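Colleague: Here is my input; please provide its structure:
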Amino acid sequence: MKTKRNKTEQPEIANPAKEEMDGKNLGNTPHRTIVPLEERINHFRDMLLERGVSAFSTWEKELHKIVFDPRYLLLNPEERKQIFEQFIKARIKEEYKEKKCKLLQAKEEFRKLLEESKLTPRSTFQEFAEKYGRDHRFRMVQKRKDQEHFFNQFINILKKRDKENRIRLRKIR
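Modeller: All right, here's what the predicted structure looks like:
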């Protein structure tokens, strides 16, 4: 085809893959007509999990991970984005719970280590860290500040017990 300036122009050839990606031709894809909506949503969520979609990311940043998966085309663009947003919210809650549970477990293991270490009320964190620094229970609590905080809490409990024991002994005498 010629234009006014004698330049030839290629007629645009319809690209069905591009139309599917744009969501124009999705209504008549074979997958959508056979599989019920709930199952397609579950497949899409499974794909998001398998592809390692981050809970703290955006649709645009994660799109390159999922666009080439055939399950991506099971939903129309509005449904994809809506399910993605729901998935992200659920994953944030799950990751928060997992992190909290892991921290509680680490704290409990650290407390067990403190109890097994036969500390006295006059023990220092530095001595404790030198002696037990290589123990996996010590390293489960990753922040040094938290380690010291848990240690100091434990030492304060020891001091209170020691003081109560001394008072009881005085009363007995």
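Colleague: Please state the offset of the helix or strand hosting residue 89 from the chain centre?
Modeller: Using DSSP states H and E, residue 89 sits within helix 77-116. Averaged C-alpha coordinates place helix 77-116 at 6 Å from its chain's average position (C-alpha atoms, centre = their mean, to the nearest Å).
Colleague: Flag every buried residue along that helix.
Modeller: Buried residues in helix 77-116, defined by neighbour count with 16 or more other C-beta atoms under 10 Å: 79-80, 83-84, 87-88, 91, 106, 109-111, 113-114. All C-beta atoms are positioned from the backbone trio N, CA, C, and that covers glycine.
Colleague: Then stretch 142-150?
Modeller: Quick answer for stretch 142-150 (16+ other C-beta under 10 Å): 147, 150.
Colleague: Contacts made by that stretch with the rest, please.
Modeller: Stretch 142-150 has contacts (C-beta atoms under 8 Å, 6 or more residues apart in numbering) with 106-107, 110-111, 114, 125, 129, 138, 141.
Colleague: returning to what we had before: and the helix holding residue 89, what's its mean pLDDT?
Modeller: Helix 77-116 shows a mean pLDDT of 91.
Colleague: Tell me which other helices or strands that helix touches.
Modeller: Packing partners of helix 77-116 (3 or more C-beta pairs under 8 Å, 6 or more residues apart in numbering; DSSP states H and E): helix 37-50, helix 59-66, helix 136-140, helix 144-172.
Colleague: and stretch 50-59, what's its mean pLDDT?
Modeller: Mean predicted lDDT for stretch 50-59 stands at 87.
Colleague: what about that stretch, start to end distance?
Modeller: Distance across stretch 50-59, first residue to last, is 16 Å (C-alpha to C-alpha, to the nearest Å).
Colleague: Next, the buried residues of that stretch.
Modeller: For stretch 50-59, by 16+ other C-beta under 10 Å, it's residue 53.
Colleague: by how many degrees do the helix holding residue 89 and helix 59-66 diverge?
Modeller: Relative orientation of helix 77-116 and helix 59-66, computed by axes from the mean of the first three to the mean of the last three C-alpha atoms, to 10 degrees: 90 degrees.
Colleague: Make 317 the starting number, not 1.
Modeller: Okay, residue one is now 317; in that scheme the one you just asked about reads as helix 393-432.
Colleague: roughly how far apart are residue 478 and residue 431?
Modeller: Distance from residue 478 to residue 431, counting by C-beta to C-beta, to the nearest Å: 15 Å.
Colleague: Check residue 376 too.
Modeller: When residue 376 is compared with residue 431 (using C-beta to C-beta), they lie 50 Å apart.
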